[in-house]
Structure formats: C-alpha cells, structure tokens
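Trainee: Next comes the sequence, and after it the predicted model I'd like to discuss.
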Amino acid sequence: MSRPSLLDRMRTRLTVCHPVLDATNGPCLVLGSAPDPVLPAGHAVHWTFVSVNASQAGAAKAGIQRIPDLTVMSGQMLGIKPENLAGQEALRDGCTTQLLLVERGVSARQARPALRALNYRYGALRTMDHWQRASLTYRLLGEHLATGSGESKISTGVFAALLAASLGYGPIVMCGFSLSHDGHSYNPLGHRRQHREVDAHALRMFGEKRLAVFTSDPAFAKSSGLPLWDGSHRPTVRSGPIWSDPSPSLQT
C-alpha cells in the first residue's frame, strides 16, 4: 500500500468527523457484490439490510426479498467507465430506503439526474465527501486507509461495514465479499475486483479493534481473518456512535 502524502494525512486528521445518519443498534447484514453470496444463519426481516453500490441486484439470488434499508454508493459508480455503466444497468428500476452517496467523482447535484434516468428511487439522499470518509476510517482504525485513491484506499463495501460499526450496529455480518480478483455478481463483463491489499489490511484491523464484524462465508473468513458467523452472538446495544463529535455532518 502506498503512503498518503503528508498534506493528505494532515487533512484527514483535521477534518471534523461527525456522526453519520442516526445512531442505532441491532444486527446488520452488509451485502457485497462478490458472486454466490452466503446468507447468514438467523437472518430475518428485523436485521438492517445495507447494500453497496449495485450489490442489491444480487439480493434476491441471495435470498433477501426486500429493499435495502441503506445503500452506500460511491459517486464513481455513476461514471462512464465500462464497469460503471454495467453497475448502473444493475441499479436500473431499483430502490432503497436511504442512499448515502460518497461524493467521489460525482456530486449529489450530478447524481440526482443520473439516478432519475435509471428510475432508481430512494427515500432520502444523504452525502459524505472523500475527506469525511477518510477521517471516519482513520478515527476508527487508527490508520490512513481511505485517504488515498484507487488501490490505496479501502473499497466501498469494507467502508460500509465500518460505517455500520460506527453507527452502533452489531453484530454486523458481511455477505458477498471476496479478496480474490473475481468479478461482481451484477457485472457480466467480468471486471476484476480492486482494493485487495488495503481491504485485507483493514479487515485485520477490524479484529484488532474488536469490532463486532463477522462473515457468513467460510472462504472469506479464512482469507480475511474475520470470525465466521454461527448465529450465536447477541445484538450489540449502544446509546450512540463510537466517536465523540456531536454534530451531524450529512446534507440532504
């Protein structure tokens, strides 16, 4: 992993990191886009369902028959690269209760008409910029794992799990994730997955920081070091997010 510049590290540390969305608790499923997701034991409708980018396109195949409670989407999903266009087609006619857009490459102002053209609906659109994401990641893991770009920052999926932990959810079960180069469940073009090295490092940090994050996939448990979910862990109950900045940061 490349080390961010001193200026970028300083900006990350100086960015004020506020709570994102409402603090909450209870079990949470984060659905990634790796092929053949394994639904966790005991999953039920009372679990919060978080999708990532266009991963909800594979929800029905995974056995999830409902819309996401929250979708975490990178603005780059709405770009013009072939892999972006494939993801957009997977989003077509979809919907989510809340959409958190990480404004990277595409702003909320640009995203609204793009999503409208896809007939993608959301109950509420909220935003976070690159530096807020970097700051949140640094505060929770103690390393600059989202400060850079491309292969030097964690994927949107790993960030979604970290975000869920920051909000107070637990246990959090990651489903449909892989550290291989294999493609995305919604993308027939077979584009290679990225962020492998930094994601693997971040997932090891999840364990060191004792975050209540698991996986339902035995192969991913082996490659990531995350504990394998067996359905026996009690929900985490917190009264607020796991950092102290008091003011909300999201924009509507």
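Mentor: Structure's in. What do you need?
Trainee: so where is the stretch 51-200 of the chain shaky, pLDDT-wise?
Mentor: 181-194 (pLDDT under 70).
Trainee: where do the helices sit along it?
Mentor: 59-62, 82-91, 108-117, 130-141, 156-167, 196-208 (DSSP state H, counting those that start in this stretch).
Trainee: Distance to Asp217 and mean neighbour count added to the ones you listed, as CSV?
Mentor: Every C-beta, even on glycine, is put in place using the N, C-alpha and C of the backbone. Shown next, in CSV, are these (distance: least, Cβ to Cβ, whole Å; neighbours: other Cβ atoms under 10 Å):
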stretch, distance to Asp217, mean neighbour count
helix 59-62, 11, 17
helix 82-91, 21, 18
helix 108-117, 30, 14
helix 130-141, 22, 22
helix 156-167, 13, 26
helix 196-208, 12, 18
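Trainee: Format these as TSV; extra columns: distance to Val52.
Mentor: Converted to TSV, those look like this (distance: least, Cβ to Cβ, whole Å):
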stretch	distance to Val52
helix 59-62	11
helix 82-91	11
helix 108-117	16
helix 130-141	13
helix 156-167	4
helix 196-208	12
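Trainee: Can you check which of those gets nearest to Leu14?
Mentor: Among these, the nearest to Leu14 by Cβ to Cβ is helix 130-141 (8.3 Å).
Trainee: picking up where we left off before, which one of the helices of the stretch 51-200 of the chain lies closest to Arg9?
Mentor: The nearest among those, by Cβ to Cβ, is helix 130-141 at 8.6 Å.
Trainee: which residue is nearest the centroid of this structure?
Mentor: Centrality entry for the chain: nearest residue to the mean C-alpha point is Ala160, 2.1 Å, by Cα atoms, centre = their mean.
Trainee: Then Leu29 would be within a strand, right?
Mentor: Yes. Counting by DSSP: H, G, I helix; E, B strand; the rest coil, Leu29 is found in a strand.
Trainee: Do a quick rundown of the strands in the stretch 151-252 of the chain.
Mentor: 172-175, 213-215 (DSSP state E, counting those that start in this stretch).
Trainee: most tightly surrounded among those strands?
Mentor: Across the strands of the stretch 151-252 of the chain, averaging neighbours per residue (mean count of other Cβ atoms under 10 Å) puts strand 172-175 on top, at a mean of 29.
Trainee: which other helices and strands contact that strand?
Mentor: Contact partners of strand 172-175 among helices and strands, from 3 or more Cβ pairs under 8 Å, 6 or more residues apart in numbering; DSSP states H and E: strand 28-31, helix 156-167, strand 213-215.
Trainee: Which residues does that strand contact?
Mentor: Here strand 172-175 makes contact (Cβ atoms under 8 Å, 6 or more residues apart in numbering) with 27-32, 37-40, 43, 62, 157, 161, 164-165, 211-217, 220, 226, 229.
Trainee: re the thing from before, nearest to Asp69, of the helices and strands packed on strand 172-175?
Mentor: Nearest of the helices and strands packed on strand 172-175 to Asp69, taken as Cβ to Cβ: strand 28-31 at 8.7 Å.
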